[in-house]
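# coordinates only, sequence not included:
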Ligand code: FES
């Protein structure tokens, strides 16, 4: 993809974030952020008993890259099993945001996916605790 095309896509996600907002009755909510800059994110998910992410919403106080990256990855995780999401690596974000941005802004680029994984860990711990 051309650099300019990619920039248009990133700006579109920044200006019209997908899955931005709030879930009334989430199965998990996680507050995260980037300690390096102080930006924050609140992420919520609805997860079925079978472990499928049925809905995801986020509210973020962050830069263009963290906003766009979170919006992009939020579209990818819907209807996926949490075990599959846990395996999403750095390559996936590189594909979405491009190598240059990933290298220059690694923390911003991965804020969304890292928060999603943290939320899944929290969900699993809470589920386990409720089953004991
Ligand atoms: Fe804070 Fe990018 S500058 S997340």
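Arrived safely. Quick caveat, the model's predicted, so the values are computed rather than measured.
# buried sites along stretch 1-16?
9-10, 13-14 (16 or more other C-beta atoms under 10 Å). In this view, the C-beta of every residue, glycine as well, is placed from N, C-alpha and C.
# please read the previous query as pertaining to stretch 20-35.
Here stretch 20-35 shows 23, 26-28, 30, 32-34 as buried, counting by 16+ other C-beta under 10 Å.
# still on that earlier bit, redo the buried residues of stretch 1-16 as TSV? Include secondary structure.
What follows is these, written out as TSV (DSSP: H, G, I helix; E, B strand; the rest coil):
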residue	secondary structure
9	helix
10	helix
13	helix
14	helix
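# report the two of the residues you listed separated the most.
Farthest-apart pair in those is 9 and 14; separation 9.8 Å (C-beta to C-beta).
# quick check: longest helix of the protein.
helix 106-131 (DSSP state H).
# just the buried residues of that one, please?
Those would be 108-120, 123, for helix 106-131 by 16+ other C-beta under 10 Å.
# and that helix, is it in reach of the ligand?
Yes: for helix 106-131, a contact with the ligand is found by C-beta under 6 Å from any ligand atom, at 108, 111.
# which elements pack onto that helix?
In terms of contacts (3 or more C-beta pairs under 8 Å, 6 or more residues apart in numbering; DSSP states H and E), helix 106-131 is packed against strand 28-34, strand 39-47, strand 53-61, helix 64-77, helix 82-86, helix 90-97.
# ok, residue 128 to the ligand distance?
31 Å (C-beta to the nearest ligand atom, to the nearest Å).
# which of the buried residues of helix 106-131 lies closest to residue 81?
Closest to residue 81 out of those is residue 120 (10.3 Å), distances taken as C-beta to C-beta.
# how close does the nearest residue to that closest one once chain neighbours are set aside sit to residue 25?
Counting by C-beta to C-beta, 6 or more residues apart in numbering, residue 120 lies nearest to residue 82, which is 4.9 Å off, once chain neighbours are set aside. Per C-beta to C-beta, to the nearest Å, residue 82 is found 18 Å from residue 25.
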